[in-house]
Every structure is written in C-alpha cells, then in structure tokens.
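let me see the structure of the following:
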Amino acid sequence: MPADVTLAQVLEARGVSRRHFLGFCSTLAVGLGLAPGMAPRIAEALERARRPSVIWLSFQECTGCTESLTRADAPSLEELILSVISLDYHHTLQAASGHAAEEARHRAMRDNAGKYIVLVDGSVPLGNPGFSTIAGISNKDMLLETVRDAAAVVAVGSCAAYGGLPMAAPNPTGAVPISALVKNKPLINVPGCPPIPVVITGVLAHVLTFGSLPRLDEQLRPAAFYADTIHDRCYRRPFYDRGLFARSFDDEGARAGWCLFELGCKGPVTRNACATLKWNGGVSFPIQSGHPCLGCSQPQFWDAGDFYRPLSVPLAGNGTVAAAAVAGGVAAAAVGHQLAQRARHQADGDRQPVTVEDLEVKP
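Below you'll find the predicted structure:
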C-alpha cells in the first residue's frame, strides 16, 4: 500500500466503522494519560496521517523487543505495519536480505529525509566495534548514518535505553546505550526487558497524532507510562500496607496472594505500566503470576545483585539492592517495609490467610 495513503482511507477500505474507530481512540487517549475528551482530536489527526517511514535497527539484543511488538494487540502487528506505519527496514521481519535489504534502508532514508522515525533495540559495542556488525557495518556507524536525517529516535528496550544486559559488569564489549551516541535528535527511551507492546505502539501513535514527542521524564521515558512505580498501582499493595508478606514461593501467604516484597520484589522502585496495562492483551503481569518484579525497566538492573533479596537488605560493599538498581526511592521502600513488619509483629498469633477479596484495593 502506498505510503501517501491516509489512515482514514485504509480504515474505510477495511470496513472499519467510525464508531469502532472512535472507541479505539478513546482507549488510546486513556493509555496515553490524556483526557477522554481528546479522543476526537486523536481521531481527526490519525485520519489525516500518512504512514511515516520507520527504520528499525537491532544491535546487541536478544530479539525480545521484536517478540514483544509482534504480540501487540492495540493496534495489532498487522495493523501497525500495514495501516499506521511503513516499516521499511527490520532485520528480523523484513523479507529482503543482503544488498536488497541495505538498499531498502538507504532508499527509506533518501526518500523520507527529515520525516522518518528510527527505532533501535540493543546496545552498541564501542569497546570492540567488530563484535557486532550488519552487512559489514559496525553498529556505531550504522546508527550514526541512519539517524542523521531522522525526525526522531526511539530506544526500544532496556539494552537500547540503558545498556541492559550487554553493559552489565564486566561489560566485555564496552556496550553503551543509544543516548551515548545520539545527541542532536529527539530521543525517547522505552525501557523494559522487553517493553510492554502497548507502550511501544502507544509512543508511535502519539508521534503520529500530535507530530511531536510525548511528555518525557528526566530519563527521557514517556511520562504517561513511566510516571508511577509498579508498587503504586499493584493490586497487592493493600497486603503491603497491612504487613502481609509471602516468605517463600510456596508458603501460605504466597498461596493467598500476599505481597512479594520479602521475596525481592523491586516494584517500589521500578517505574513501568505493568500493573495497569499488563501483558498478553491485559491478561496478567509477573507479580500477578506469583513472581516478584525484577526491576527490568530500571537502569543497571542486571547489576543490582540477588534478584530475590529484599530491597532493604544491605549487600556487602554495594549499598543496598535498591541503590544498585535505581538512585532514589530506597528510603521510602525501607521505611514502608519497617512499618509493615511492625504491624505484622504486633499481630496476636498466626494470622488466617487474607485474600485480595478481603481488602479494599486503592488505585
């Protein structure tokens, strides 16, 4: 389908009703942290939008971010590629290979200069540029060449946003995040290992709708998705407030769905939308599945130490787990934990298991 076709024309050809489309725009507005009344403006902007050219570069990564994208449901991958964007280059999803693949990248850059969007997943090896090459081109050279005439750059996943696993000690490849190299272009970080698919598509939808970047925080993350900690929105938060903690993965508290703080949950210091958007079309997220948050959307989470050590427990020569994972929020987590422990110790005897149905869940 030609890139100059508007989204309204695509929707009409597919038989999508105006009512259904407005419903989608209302959902999108809420997901982006906008007032529901913004839905008509989003609809009007999207209907006029012509599919922007998107170049996706994959460097030191595990393809998990692409796997996450292929499970997006609002819009679906098919809708994203065929209706909303023109995905002109992607190492995993493109049909072309060899010289034809590189020609597609150069043609997209040439024909859409100043207008195309570059998505990047994976870190860049600076210590040994030859460690990761594509078509004989180092990751660094390909990145700098491709972003030269781009309208914006999106670092997808914690490896691209923060260096991720490749940058973990001792960092044998000299890996760096995309922000270490891209200095003169609008840059959005979408961390997570991998990121939530709706967050990836939501960022693209915002750029399409408003022609600008969404509001970003100090780490260049979209505030709509990363303003709150997972702990702020977690359905297990009432258990934390009442001092009800699972002590092991198979104890009575775990079976009753109590808070996973004492099993090392990093939710109190991890900013992401896992507890609200969830995964697999809103089915669940790690904490709901019984596993503590690992803090994968925070800088240097691989170097944080034992994933299952509670935040307030000190590590020899390394401060606290929380301090290694994120510079902030540690004091609040420790104080909250101490208060919760005090409440637990004041209880008379063993408590009967309390389930989530017994508590009022606060937003």
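
burial check on Thr276, number of neighbours?
By the criterion of other CB atoms under 10 Å, Thr276 has 18 neighbours. Where C-beta positions appear, they are placed from N, C-alpha and C, glycine not excepted.

that one and Gly282, how far apart?
9 Å (CB to CB, to the nearest Å).

likewise Gly136?
As for Gly136, its distance to Gly282 is 43 Å (criterion: CB to CB).

go on, Ala45?
Between Ala45 and Gly282 the distance, using CB to CB, works out to 25 Å.

between those two, point out the one with more neighbours.
Just comparing Ala45 and Gly282: by other CB under 10 Å the higher neighbour count belongs to Ala45, 17 against 12.

sticking with that one, tell me its helix or strand.
Element membership for Ala45 (DSSP states H and E) is helix 39-48.

CA atoms only: put that helix into CSV for me.
Extracted in CSV, the C-alpha atoms of helix 39-48 (Å, rounded to 0.1, in the frame of the first residue of the first chain):
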residue,chain,number,x,y,z
ALA,A,39,-10.4,11.2,21.5
PRO,A,40,-12.0,13.2,18.7
ARG,A,41,-8.7,15.2,18.3
ILE,A,42,-6.7,12.0,18.1
ALA,A,43,-9.2,10.5,15.6
GLU,A,44,-9.0,13.6,13.4
ALA,A,45,-5.2,13.7,13.5
LEU,A,46,-4.9,9.9,12.8
GLU,A,47,-7.4,10.0,10.0
ARG,A,48,-5.3,12.7,8.2
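
mind listing what's buried along the following helix or strand past it?
Using DSSP H and E, the helix or strand that follows helix 39-48 in sequence is strand 53-58. Residues of strand 53-58 classed as buried by neighbour count (16 or more other CB atoms under 10 Å): 53-58.

and Asn189, bridged to which residues?
Counting by DSSP bridges, Asn189 is bridged to Ala155.

ok, now which ones touch it?
Shown in contact with Asn189 (CB atoms under 8 Å, 6 or more residues apart in numbering): 155, 160-162, 179, 216, 219-221.

so can I have TSV of those residues showing neighbour count and secondary structure?
TSV is the format used below for these (neighbours: other CB atoms under 10 Å; DSSP: H, G, I helix; E, B strand; the rest coil):
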residue	neighbour count	secondary structure
Ala155	27	strand
Ala160	30	helix
Ala161	29	helix
Tyr162	24	helix
Ser179	17	helix
Leu216	16	strand
Gln219	16	coil
Leu220	18	coil
Arg221	25	coil
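
Val118: which of those residues is nearest?
Nearest to Val118 among the contacts of Asn189 is Ala155, at 9.5 Å by CB to CB.

cross-check the contact I'm expecting between the closest one and Ile178.
Yes - taking contacts as CB atoms under 8 Å, Ala155 lies within contact range of Ile178: 4.2 Å.

now do the shared contacts for the two.
In contact with both Ala155 and Ile178: 120, 161, 187, using CB under 8 Å, 6+ apart.

in JSON lines, list these along with pLDDT and distance to Ala96.
As requested, the shared contacts of Ala155 and Ile178 are exported to JSON lines (pLDDT from 0 to 100; distance: CB to CB, whole Å):
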{"residue": "Val120", "pLDDT": "97", "distance to Ala96": "19"}
{"residue": "Ala161", "pLDDT": "97", "distance to Ala96": "28"}
{"residue": "Leu187", "pLDDT": "96", "distance to Ala96": "27"}
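
distance of Ala39 from Tyr226?
Applying CB to CB, the value for Ala39 to Tyr226 is 23 Å.

how about the helices in the stretch 51-200 of the chain?
64-69, 77-79, 98-111, 139-147, 158-162, 197-210 (DSSP state H, counting those that start in this stretch).

tell me where the model's unsure across the stretch 101-250 of the chain.
Within the stretch 101-250 of the chain, not a single segment meets pLDDT under 70.

tell me the contacts of the residue sitting nearest the centre point of the chain?
Most central in the chain under CA atoms, centre = their mean is Pro195, positioned 2.9 Å from the mean C-alpha point. Taking CB under 8 Å, 6+ apart, we find Pro195 in contact with 65, 68, 156-157, 297.

quick one, phi psi at Glu61?
Note on Glu61: backbone dihedrals following degrees, to the nearest 10 are phi -150, psi 180.

that one and Asp121 touch, don't they?
Yes - counting by CB under 8 Å, Glu61 does reach Asp121; the two are 4.8 Å apart.
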